[in-house]
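In: Here is the input, now give the coordinates:
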Amino acid sequence: MASLSHNPSKKGVRSTGGSGSYGNRSGGGQNMKFARRTSSGRYISLSGEDVEASGEMSSDYMNYTVHIPSTPDNQPMDASSVAVKAEEQYVSNSLFTGGFNSVTRAHLMDKMIESEVTHPQMAGAKGSSCSMPACDGKVMRDERGDDIHPCPCRFKICRECYLDATKDSGLCPGCKEPYKVAEDDDMPDFSSGALPLPAPGDATNNSEKTGLSLMRRNQPGEFDHNRYLFETSGTYGVGNAYWPNKEEPHGEGDEGFGDKMGAETTEKPWKPLSRKIPIDPSILSPYRLLIGLRLVVLAFFLTWRVRHPNHEAMWLWAMSIVCELWFAFSWILDQIPKLCPINRATDLEILKEKFDLPSPSNPLGRSDLPGMDVFVSTADPEKEPPLVTANTILSILAVDYPVEKLACYISDDGGALLTFEAMAEACSFANVWVPFCKKHNIEPRNPDSYFSKQGDPTKKQKRPDFVKDRKLVKREYDEFKVRVNGLPDSIRRRSDAFNAREEMKKLKQMRDTGADMLLETVKIQKATWMADGTHWPGTWANPGPDHKKGDHPGIIQVMLKPPSMDPLMGSDDEDRLIDCSDVDIRLPMFVYMSREKRAGYDHNKKAGAMNALVRASAILSNGPFMLNLDCDHYINNCQALREGMCFMLDRGGENICYIQFPQRFEGIDPSDRYANHNTVFFDGNMRALDGLQGPVYVGTGCLFRRFALYGFDPPRSKEYTGLLGMKKKVQTAPHADSENQASGADEFDAELNVAMVPKRFGNSTVLAQSIPVAEYQARPLADHPGITHGRPPGALRIPREPLDASTVAEAVSLISCWYEDKTEWGDRVGWIYGSVTEDVVTGYRMHNRGWRSVYCITKRDAFLGSAPINLTDRLHQVLRWATGSVEIFFSRNNAFFASRKMKVLQRLAYLNVGIYPFTSPFLLVYCFLPALSLFSGKFIVQTLNVTFLVYLLIITSTLMGLAVLELKWSGISLEEWWRNEQFWLISGTSAHLAAVVQGLLKVMAGIEISFTLTSKSAGDDSDDIYAELYLVKWTSLMIPPITIMMLNLIAIGVGICRTIYSDFPQWGKLLGGGFFSFWVLAHLYPFAKGLMGRRGKTPTIVFVWSGLMAITISLLYISINPPKAGGTAAGAGFQFP
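Out: Presented below is the predicted three-dimensional model:
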């Protein structure tokens, strides 16, 4: 209720233009103003001098202060806040394009999609129209979707008309009164796109410091980043940090910043955010002992094999011994890095207590967590369905992380309008889906997975309106799916209609000019049109100049603008689908991006797209941490980001470059025929690497430290010297002990001086300014004596700076095709170029600089994705990985050339990554040996004596023992281990062999390797989710395994027949050869089952080629080494005519 209080001082409020102004709210009330009511009922503002000149106050003049509580209908706004909101709305409703030799343009869109938009601030949302004559613009809106009225008369005006009015006369077109303008001292300057930072020191020195240049050099080779952080006209990212110089004396009675921090953090005992859980010694000790035992037995066995050749079949013995030596070497590379597996655990309650809970210094409970940028990449909407990508985006927007600290980016490398409109539809549906998830604590927050999962949806739900809300949201989601599925037809019909209209216009124009031309000559370029009736700047369905794949401008659209700092609770209005009165309805920032592509430029595939995202996000949000996901990998655990932050913000977290989460998949057949889950790698190898220097980066589900990805060294690193790398030498950054000052680029890299910054990062000063800010905001809290490189609490609770058009235009220039020219992007900075497995190389480079990584296994799987269950697609996927490994082996990224900052066992692990495909030739030969042995009647040893059998028994027993113990500490099932062994042989004799050949061709002949995206669409049988499993597609990769199978089957038959009809049967050699043939066939069983398909889908050519290969090899062997002719028919040999 409004309260009235007499004000005897009669002091007015100074304002521009003789009018009172709405200032910033103070204490929930409004400033005092004087007014007189005219005979017409209109109020005219008066100054204090006018009131005093009137003498004794009459009944017509009253001087009082009205304290009106803030309500949704009472939102005082001055011109500065209106201008900021107008600028934000302009940015979020504009499509920015630009690139090489072109001007950056902002296209204001009145709508992004044809359907009704539910999000209030998206282009095309329902809203009031501008009241200005001949203007059909929409009135500016706030986050709730309510109209913004710059003037108290509530005259409805759009952004353009408002800017024109303030520039021309400054008068409201409705009441003809001046707009309320804030004082110049209080008005922030948004001309540069950011708020100025307060400079340390006295106010008298601020004017001198703000004029300093970004790249000012104090001394040759030195760069004062601490000062430059405050000198710049803008800062970038979530919040800004202010801290005094250590040399600057504090004022009288003012405690030091560190003292305040210490007083606040020592009130409670320090608790770690994460901890290591060692493996049970009763499992790990025998495991290590068996590794040593098997290593010794292998040495003795190989020595015995070399000293006891088979003189009857030297060729068979030579091939087998070479293969066995290589198998022993590859086993060592794979097994030794598994000596130190560990488990980890996090404590989310402590994270919340440290960063999110209200405190005397944080009464509003604002989060002190650092910002997070989430990257999603897609390239082809035909092979990566937009609906799958949209569901991934929805799971990100609904994640449990401070909304104001989260930003989501999607990179559309194909520049397709279909992807753009699908993302716009997702943003519109997110206005319903995200509050629903927060209100009822939904998990998972991918709507497709949530509504299709089995089980009782009401389990653990206690709110009485859950069933009603779920039914409404389910119906809304079904309509959303129909709209997205109908987008291709909608875009085609719209484009056809607009193109036909353009043809008619052209024809009419020709007729008006009197041109005598046939109708057939009237042709225009078939363009792709957006929903607002303008050309799509990206790729067209009918490619044209500047509008085709590999040749289109850069595009950025801020579909969801950055949210406000404080929670925005919903309401139970009838306009909203569900009651959100107690739910924060804000949505994170969401940006659509398609980098520029031009002919003649190497775009470096996914790595180039990710680097473009890194640069653009540094300008728009500058989250110090970045999560990258594939378009088909969604967030399955809404607290996954918080789990990762427990490691990054814990003691020692400043030396962690990334947090790798395991890849988990859905839609895999229950038997996991082709080892798609790959649990042996993700639960075994990766967990073991976590005990060394950290897991390798596997391409998705990885949380990065932005500063590490920029190519800098960690604050503290170790050099490992000595014979086995046992000696450690700790290296500390020059300013690693600084808690209250930001360290700049040159303070972490002595080779990087001022002149080298453009060469490494490009010529954008805005990007260079964002680097030390991101480094500082990523530091853990300095709340423990052991944390020497931290930041004070509360430094990240300052609101995010608003976006303006100049900032987005700068981001457009950073995604141009020429920006990386003559820079170190892709070589030292960002994702590394030059390999189809850019993920492994990128992680290797960071480990090689001394960074550590952490493997985060959550109780509920953090992310879920899809994997190819079809045999052919799976083989092509493995082929791509193996080819990348071969490229790594023949490049400078080979672990042989690793620095001393990488641990020895970590180096062995990376060496194995580059070498494992080269096992394929030896494995292929070894799979043929049983058949050759049966054909020839010989064996790899001269006789199956006791020594050979004992060695074989011990090696097999130790292998089984290691497998059992590994299953114990990794949690892998026996079936999963066996499936992995089977697919190891299948891929080793097919995809890995082809990868070695392709890699050698690239290295020796310079033949480039190209791969196509694996289609993520369903099979022909829509009713069967495993229809793809039975689909057989021909590929040349199938020939070697099929040949091995058929040759071994024929050899078994030949061996049995020879032994039965022989005068002197040698059952021992038949048993040995038959056992090894059976071992090969058992491993190839899933492959054979996949070839059978369902309903006879196996192509005939598969059997024809394989049969011919098997027969040819058999006849070739017989012709080279024919059986000796004997006196009986049984011993007669085969002779060619």
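
In: how close does residue 981 sit to residue 988?
Out: Counting by C-beta to C-beta, to the nearest Å, the separation of residue 981 from residue 988 is 11 Å. For glycine as for every other residue, the C-beta is placed from the backbone atoms N, C-alpha and C.

In: do the same with residue 781
Out: The span separating residue 781 from residue 988 equals 49 Å under the rule C-beta to C-beta.

In: okay, and for the stretch 51-200 of the chain, where does confidence drop off?
Out: Counting by pLDDT under 70, the low-confidence segments of the stretch 51-200 of the chain come to 51-80, 120-121, 124-126, 181-200.

In: scratch that, the stretch 651-800 of the chain is what I was asking about
Out: Applying pLDDT under 70 to the stretch 651-800 of the chain flags the ranges 720-755.

In: quick one: the strands in it?
Out: 656-660, 664-665, 702-705, 716-721, 727-732 (DSSP state E, counting those that start in this stretch).

In: about what we covered before: between residue 981 and residue 988, which one's more packed in?
Out: When residue 981 is set against residue 988 and neighbours are counted by other C-beta atoms under 10 Å, the residue ahead is residue 988, at 25 against 15.

In: Not counting its neighbours along the chain, what's nearest the more buried one?
Out: Here the nearest residue to residue 988 in space, its sequence neighbours aside, is residue 923; by C-beta to C-beta, 6 or more residues apart in numbering that works out to 4.4 Å.

In: and if you look at residue 109?
Out: By the measure of C-beta to C-beta, 6+ apart, the closest residue to residue 109 outside its immediate chain neighbours is residue 123, 4.5 Å from it.

In: Wait, that neighbour touches residue 111, no?
Out: Yes - at 5.4 Å, residue 123 counts as touching residue 111 under the criterion of C-beta atoms under 8 Å.

In: chain center to the helix or strand in which residue 1073 is found: distance?
Out: Counting by DSSP states H and E, the element that carries residue 1073 is helix 1067-1083. Distance of helix 1067-1083 from its chain centroid, counting by C-alpha atoms, centre = their mean, to the nearest Å, is 48 Å.

In: what comes up buried for that helix?
Out: By neighbour count with 16 or more other C-beta atoms under 10 Å, helix 1067-1083 contains the buried residues 1069-1070, 1072-1074, 1076-1077, 1080-1081, 1083.

In: Show me what the helix or strand following that helix is packed against.
Out: As assigned by DSSP H and E, the chain's next helix or strand after helix 1067-1083 is helix 1085-1092. Under the contact criterion of 3 or more C-beta pairs under 8 Å, 6 or more residues apart in numbering; DSSP states H and E, the helices and strands touching helix 1085-1092 comprise helix 871-889, helix 974-988, helix 1039-1061.

In: Pick the most deeply packed of these.
Out: Greatest average neighbour count among these goes to helix 871-889 (a mean of 23), per mean count of other C-beta atoms under 10 Å.

In: Give me the mean pLDDT for that helix.
Out: Regarding helix 871-889, the rounded mean pLDDT is 91.

In: now the angle between helix 1085-1092 and that helix, please.
Out: What separates the directions of helix 871-889 and helix 1085-1092 is an angle of 130 degrees, with axes from the mean of the first three to the mean of the last three C-alpha atoms, to 10 degrees.

In: Give the other helices and strands that helix 871-889 contacts.
Out: For helix 871-889, the packing partners by 3+ C-beta pairs under 8 Å, 6+ apart are helix 838-848, helix 904-915, helix 974-988, helix 991-1005, helix 1085-1092.

In: Could you identify which of those helices is most buried?
Out: For the helices and strands packed on helix 871-889, average neighbour numbers computed from mean count of other C-beta under 10 Å are highest in helix 838-848, which has a mean of 24.

In: send the alpha carbons of that one over as CSV?
Out: Extracted as CSV, the C-alpha positions of helix 838-848 are listed here (Å, rounded to 0.1, in the frame of the first residue of the first chain):
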residue,chain,number,x,y,z
GLU,A,838,41.8,-33.9,-33.4
ASP,A,839,40.4,-34.7,-30.0
VAL,A,840,43.3,-37.0,-29.0
VAL,A,841,45.9,-34.6,-30.4
THR,A,842,44.4,-31.6,-28.5
GLY,A,843,44.4,-33.5,-25.2
TYR,A,844,48.0,-34.7,-25.9
ARG,A,845,49.2,-31.2,-26.4
MET,A,846,47.8,-30.0,-23.1
HIS,A,847,49.3,-33.0,-21.2
ASN,A,848,52.6,-32.4,-22.9
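
In: Tell me how this protein divides into domains.
Out: As recorded under the TED database, the domains making up the chain are 127-179, 370-454+465-507+526-636+657-666+759-768+811-859, 919-1014+1027-1118.

In: For the ones you listed, state which one has the densest average packing.
Out: Scoring the domains of the chain by mean neighbour count under mean count of other C-beta under 10 Å gives domain 370-454+465-507+526-636+657-666+759-768+811-859 as the most buried, with a mean of 21.

In: start to end distance for that one?
Out: 24 Å (C-alpha to C-alpha, to the nearest Å).

In: One more: stretch 813-821?
Out: Using C-alpha to C-alpha, one end of stretch 813-821 lies 13 Å from the other.

In: swap in stretch 623-640?
Out: Between the opening and closing residues of stretch 623-640 there is a gap of 17 Å (C-alpha to C-alpha).

In: Return the distance of that stretch from the chain's centre.
Out: Taking C-alpha atoms, centre = their mean, one finds the center of stretch 623-640 at 6 Å from the center of the full chain.

In: With stretch 612-626 instead?
Out: Centroid displacement of stretch 612-626 relative to its chain, using C-alpha atoms, centre = their mean, is 12 Å.

In: And for residue 539, nearest residue in space, chain neighbours not counted?
Out: For residue 539, ignoring the flanking residues on the chain, the nearest one in space by C-beta to C-beta, 6+ apart is residue 415 at 4.3 Å.

In: thought that neighbour was touching residue 594?
Out: Yes - assessed by C-beta under 8 Å, residue 415 is found in contact with residue 594 at 4.3 Å.

In: shared neighbours, those two?
Out: With contacts taken as C-beta atoms under 8 Å, 6 or more residues apart in numbering, residue 415 and residue 594 have 538, 552, 555 as neighbours in common.

In: Would you indicate which residues of stretch 701-717 are buried?
Out: For stretch 701-717, the buried set under the neighbour-count rule, 16+ other C-beta under 10 Å, comprises 701-717.

In: what's the weakest-modelled helix or strand in the protein?
Out: helix 206-210 (a mean of 34; mean pLDDT, DSSP states H and E).

In: got a list of what residue 994 touches?
Out: Residue 994 touches 879, 882, 1036-1037, counting by C-beta under 8 Å, 6+ apart.

In: before we move on, the earlier item: using JSON lines, please lay out the domains of the chain together with distance to residue 904.
Out: Compiled in JSON lines, the domains of the chain are given as follows (distance: least, C-beta to C-beta, whole Å):
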{"stretch": "domain 127-179", "distance to residue 904": "55"}
{"stretch": "domain 370-454+465-507+526-636+657-666+759-768+811-859", "distance to residue 904": "13"}
{"stretch": "domain 919-1014+1027-1118", "distance to residue 904": "21"}
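
In: between the ones you listed, which gets nearest to residue 98?
Out: Proximity to residue 98, assessed across the domains of the chain by C-beta to C-beta, is greatest for domain 370-454+465-507+526-636+657-666+759-768+811-859 (4.4 Å).

In: what's the distance between that closest one and the middle of its chain?
Out: Averaging C-alpha positions (C-alpha atoms, centre = their mean) puts domain 370-454+465-507+526-636+657-666+759-768+811-859 10 Å from its chain's average.

In: Adding pLDDT, distance to residue 456 and secondary structure as columns, could you present the shared contacts of residue 415 and residue 594 in TSV?
Out: Output for the shared contacts of residue 415 and residue 594, formatted as TSV (pLDDT from 0 to 100; distance: C-beta to C-beta, whole Å; DSSP: H, G, I helix; E, B strand; the rest coil):
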residue	pLDDT	distance to residue 456	secondary structure
538	92	44	coil
552	92	48	strand
555	95	44	strand
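
In: Alright, that wraps it up for me.
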